[in-house]
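K.L.:
with the input below, show me the fold.
(chains A and B)
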Amino acid sequence: MTTASLAVVAPRRAVQWITPPMLVLFAVMASLPLWITPVGLYDYLAVEVAIWMIYALGFNLLFGYGGLHSFGHGAYFGVGAYAFGLVQLGLAESLWLGLLAALVAGAVAGALVALFVSHRRGIYFALMTIAFGQVFWFVAIKWHGVTGGEDGLLNIPRPAADFGFISFDLANNRSFYLFVLAVLVLVVVLMWRLVNSPFGRVLQAIRQNELRARFVGYEVWRFKWAAFVGSALLAGLAGGLFAMAQESAYPDVMSVHQSGLIVMMTLVGGGLVSFWGPVIGVAVYFVARDLLGAFTETWLLWYGLMFVVIVMFRPEGLAGVFHDLRGQFAAATRHRGVSRSAAE
Amino acid sequence: MALFEAVHIHKRFGQQVVLEDISLDFEEGRVSGIMGPNGAGKTTCFNVLTGRYKPDRGEIRFAGKRIDGLPPQRIARAGLARSFQLINLFDEFTALENIMLALPGVRARRRRLLGSAFGDKAATRRAHEILALVGLEGREREVAGNLSYGDRRATEIGVALAAEPRILFLDEPTSGLGSDGTARLARLIGDLRKLCTIVIIEHDMRFLLGLADRISVIQWGQVIAEGSPAELRRNKWVRRSDLGEIG
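P.N.:
Residues are numbered from 1 along each chain as shown, chains lettered A, B, ... in the order given. A predicted model of the protein is given here:
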């Protein structure tokens, strides 16, 4: 049986733009509006799930693929949300300008922080990301004139998606979900290509053995810096979409608690061993929140316990469990085939 | 002029002087050896020569250019490759992928964000050739972490070769190998000497004396003797040192 690993990708899959698991995800996500209300859930949940999937996929570029454990990523999500809100409230009511500002703001904030942290490793890297995250959170709370302080920016409009020849109103959650889904599809495809590109494979090589990567000629810190920027860029984009969804931007999303959530989702889903880990982790978290939350107010306690159990017994997360089950199924199928041919 | 020269190298860690005024040079096309007893400073010397540590004083020149103080990646790109005493590979990648990542052509495409990393046919062919050269034909698709110790050592040498080095530094290459593995490695190095200049640090005297054209002996952080294997066997300092039986 092969060990689950981000580095192990079938050569045929590694060159594809669209893979079968992607089609499954897209089909499930596209069908959500058809069945989410009948099963007792609501459209806005689908919006949240899709936005956090974008956030988590970007986060895992750094966490899983780069092996760089950021615990302050909420900062870039929040920066993106504020950038979107500030553009809408102070500059122009424009979806494209707002989202561009969100991803640029996330990337610039990430680039500045990465200048300081990308030479660090392990616990020092993690602690510095927390420290910088707290700096952003503190600025968001105290800079009333720009961020609105603890209340944040309120009544951020949701501009229409204007393509020039056609315009889509995003005011209701269902149409907005379809827009976020389109962004998610784009992000999934580009992320798949990125992690299987020369850049992505070098990043994985650095995670596996930084010393060896240096001695075959790769500038390790530049790759770490670029991974941080890419990850912060997607966090900023997700933050911009979140500001649209919530029609507000507030400092809570930058708190350590919120930064910890994305780590938990990624680990529970299996981001350390699978491209799909963050996607699974986000889905599990929101389903747990809404389904468990319907039965008990202490749902987060149960989710936290699940996190502890997974870290203790299956640190590869749910994707690792799926991988093992698939391996066992394949082995059993092979065994049946061998027994049948022996009997014949 | 020597391909690689280190002149008056000093290195200390805190109060401990590890290398004291060491000068070494390695001629192009030769196999050179560095030997010495445990604690003599061999590995530190190797790490200083290959850019892992900066020397406190002295100059290191490779192909006429100073490389002391340069980061390892720049030294590697200048044409110096090395192996490590404790094998250093990308353990989750296959043997083939390990080799491919070190190929200059693949390295040149390192900033591409959307293309395929290992889809280049010419690079794949070259990586297969290198694996065949180091005796790993048929193991291309095996994950490096699952290979046997001897195969991992061969893969590491393959990774170093893939970089198309002008000079190859091997740090205690027989470490952990049995007699069969050592014999296989000796044959491999014999083949490689046609391709590049080789410098070996080794504690296995017989192995080094059988391969090297010229050997420098280090003790107490200094070079105490230099010469061909035959000259060293006659050297009174070498005979009095803690190197044990050298011939």
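
K.L.:
need the residues of chain B near chain A, please.
P.N.:
B:50, B:71-73, B:76-77, B:81-82, B:84, B:88-93, B:97, B:101-102, B:104, B:106-107, B:109-119, B:143, B:159, B:162-163 (CB under 8 Å from any CB of the partner chain). Where you see a C-beta, it was placed from the backbone N, CA and C, and this is true even at glycine.

K.L.:
what segments of the stretch 101-250 of chain A are helices?
P.N.:
A:122-142, A:144-147, A:173-195, A:198-208, A:210-215, A:220-246 (DSSP state H, counting those that start in this stretch).

K.L.:
ignore what I typed, I meant chain B.
P.N.:
Assigned by DSSP state H, the helices in chain B fall at B:42-49, B:72-77, B:95-102, B:104-108, B:121-133, B:149-162, B:179-192, B:205-211, B:229-234, B:236-240.

K.L.:
which residues does the first one contact?
P.N.:
Contacts made with helix B:42-49 from outside it, assessed by CB atoms under 8 Å, 6 or more residues apart in numbering or on different chains, are listed as B:4, B:6, B:9, B:11, B:18-19, B:22, B:24, B:34-36, B:53-55, B:60, B:82, B:85, B:169, B:171-172, B:199, B:201, B:218.

K.L.:
for A:Phe26, find the nearest of the helices of the stretch 101-250 of chain A.
P.N.:
Comparison of the helices of the stretch 101-250 of chain A against A:Phe26 by CB to CB identifies helix A:173-195 as nearest, at 5.9 Å.

K.L.:
state the mean pLDDT of the closest one.
P.N.:
The pLDDT scores in helix A:173-195 average 96.

K.L.:
thinking again about what came up before, what would the helices of the stretch 101-250 of chain A look like in TSV with mean neighbour count and distance to chain B?
P.N.:
Listed next are the helices of the stretch 101-250 of chain A as TSV, based on neighbours: other CB atoms under 10 Å in any protein chain shown; distance: least, CB to the nearest CB, whole Å:
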stretch	mean neighbour count	distance to chain B
helix A:122-142	17	18
helix A:144-147	12	33
helix A:173-195	19	5
helix A:198-208	25	4
helix A:210-215	21	4
helix A:220-246	26	7
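
K.L.:
A:Val8 is nearest to which of those?
P.N.:
Closest to A:Val8 of the helices of the stretch 101-250 of chain A is helix A:198-208 (CB to CB; 10.3 Å).

K.L.:
for B:Gly29, the count of nearby residues, please.
P.N.:
Around B:Gly29 there are 13 other residues, counting by other CB atoms under 10 Å in any protein chain shown.

K.L.:
thinking it is in contact with B:Ile198, fair?
P.N.:
No - here B:Gly29 lies out of contact with B:Ile198, judged by CB atoms under 8 Å, at a distance of 9.4 Å.

K.L.:
which residues in chain A form strands?
P.N.:
With DSSP state E as the criterion, chain A has strands at A:153-154, A:161-162, A:167-168, A:248-249.

K.L.:
who does the third one pair up with?
P.N.:
Each strand that pairs with strand A:167-168, with its direction, by DSSP bridges: strand A:161-162 (antiparallel).

K.L.:
for the partner strand, which outside residues touch it?
P.N.:
A:95-96, A:167-168, A:170, A:179.

K.L.:
which residues touch A:Ser94?
P.N.:
By CB under 8 Å, 6+ apart, the neighbours of A:Ser94 are A:87-88, A:159.

K.L.:
make a markdown table out of those and add distance to chain B.
P.N.:
Listed next are those as a markdown table, based on distance: CB to the nearest CB, whole Å:
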| residue | distance to chain B |
| --- | --- |
| A:Val87 | 26 |
| A:Gln88 | 30 |
| A:Pro159 | 29 |
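
K.L.:
ranking the helices of chain B by burial, who's on top?
P.N.:
Most buried of the helices of chain B by mean neighbour count (mean count of other CB atoms under 10 Å in any protein chain shown) is helix B:95-102; its value is a mean of 27.

K.L.:
which residue does the stretch 1-150 of chain A have closest to chain B?
P.N.:
Nearest residue of the stretch 1-150 of chain A to chain B: A:Ala7, at 3.6 Å (CB to the nearest CB).

K.L.:
that residue contacts A:Gln208, doesn't it?
P.N.:
Yes - the pair A:Ala7 / A:Gln208 is scored as a contact, 7.0 Å apart, by CB under 8 Å.

K.L.:
list residues touching both of those two?
P.N.:
Joint contacts of A:Ala7 and A:Gln208 (CB under 8 Å, 6+ apart) are B:90, B:92-93.

K.L.:
okay if I get those residues as a markdown table plus neighbour count, pLDDT and distance to B:Arg153?
P.N.:
Output for the shared contacts of A:Ala7 and A:Gln208, formatted as a markdown table (neighbours: other CB atoms under 10 Å in any protein chain shown; pLDDT from 0 to 100; distance: CB to CB, whole Å):
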| residue | neighbour count | pLDDT | distance to B:Arg153 |
| --- | --- | --- | --- |
| B:Phe90 | 28 | 95 | 15 |
| B:Glu92 | 21 | 94 | 18 |
| B:Phe93 | 24 | 94 | 17 |
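
K.L.:
from A:Gly133, how far out is the most centrally placed residue in chain A?
P.N.:
When chain A is reduced to its mean C-alpha position, the closest residue under CA atoms, centre = their mean turns out to be A:Ala56, at 1.1 Å. The spacing between A:Ala56 and A:Gly133, counted by CB to CB, to the nearest Å, is 17 Å.

K.L.:
for A:Ile280, same thing?
P.N.:
The value you get for A:Ile280 to A:Gly133, if CB to CB is used, is 25 Å.

K.L.:
what is the mean pLDDT for stretch B:18-30?
P.N.:
On average, stretch B:18-30 scores 93.

K.L.:
ok, and for it, which residues are buried?
P.N.:
Residues of stretch B:18-30 classed as buried: B:18-20, B:22, B:24-26, B:30 (neighbour count, 16 or more other CB atoms under 10 Å in any protein chain shown).

K.L.:
what's the most buried one of the strands of chain A?
P.N.:
Highest mean neighbour count of the strands of chain A: strand A:248-249, a mean of 24 (counted as mean count of other CB under 10 Å).

K.L.:
out of the buried residues of stretch B:18-30, which sit inside strands?
P.N.:
Members of those lying in strands (criterion: DSSP E): B:18-20, B:22, B:24-26.

K.L.:
and the pLDDT for the residue of chain B positioned farthest from its centre?
P.N.:
In chain B, counting by CA atoms, centre = their mean, B:Leu114 sits farthest out from the average C-alpha position, at 34.0 Å. The model reports B:Leu114 with a pLDDT of 82.

K.L.:
re the thing from before, which residue packs closest to the residue of the stretch 1-150 of chain A closest to chain B, ignoring adjacent ones?
P.N.:
Distances taken as CB to CB, 6 or more residues apart in numbering or on different chains put B:Glu92 closest to A:Ala7, at 3.6 Å, once the chain neighbours are dropped.
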